[in-house]
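Asks: sequence unavailable; structure follows:
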Ligand SMILES: N[C@@H](CCC(=O)N[C@@H](CS)C(=O)NCC(=O)O)C(=O)O
């Protein structure tokens, strides 16, 4: 099975995002980071796709998942098949 493409929509000062970023670091998972405060296009896409501006939001092969606890749970449960940083 091929690894899903992962993108995390986030901003630095968000504690829920930091929790998810810690899990990503712990598991050494390769995730594209999309800072919604640094790039308006990321915010626009998030709002267009989900109708919300809430972060964190993890896109899994283009499918958005909200809620930090759910994201952390999903990352841990699927770690074995996720792309790793080299
Ligand atoms: N229950 C959510 C809370 C996320 C949340 O409140 N994020 C804040 C930033 S720390 C946010 O995006 N607020 C903007 C909004 O909801 O429009 C989670 O755990 O992911």
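Replies: Arrived safely. Source: prediction; values computed, not measured. Numbers count the residues shown, from 1 in each chain.
Asks: tell me which stretches of the protein form strands.
Replies: 6-10, 32-35, 57-60, 63-66 (DSSP state E).
Asks: check which residues of the second one are buried.
Replies: It refers to strand 32-35. residue 34 (16 or more other CB atoms under 10 Å). (C-beta placed from N, C-alpha, C; glycine too.)
Asks: where's that strand relative to the chain centroid, distance-wise?
Replies: Averaging C-alpha positions (CA atoms, centre = their mean, to the nearest Å) puts strand 32-35 8 Å from its chain's average.
Asks: helices or strands next to it in the packing?
Replies: On a contact count with 3 or more CB pairs under 8 Å, 6 or more residues apart in numbering; DSSP states H and E, strand 32-35 meets strand 6-10, helix 40-50.
Asks: repeat that for the first one.
Replies: In terms of contacts (3+ CB pairs under 8 Å, 6+ apart), strand 6-10 is packed against helix 15-27, strand 32-35, helix 40-50, strand 57-60.
Asks: so where is this structure shaky, pLDDT-wise?
Replies: The model of the chain has pLDDT under 70 over residues 1.
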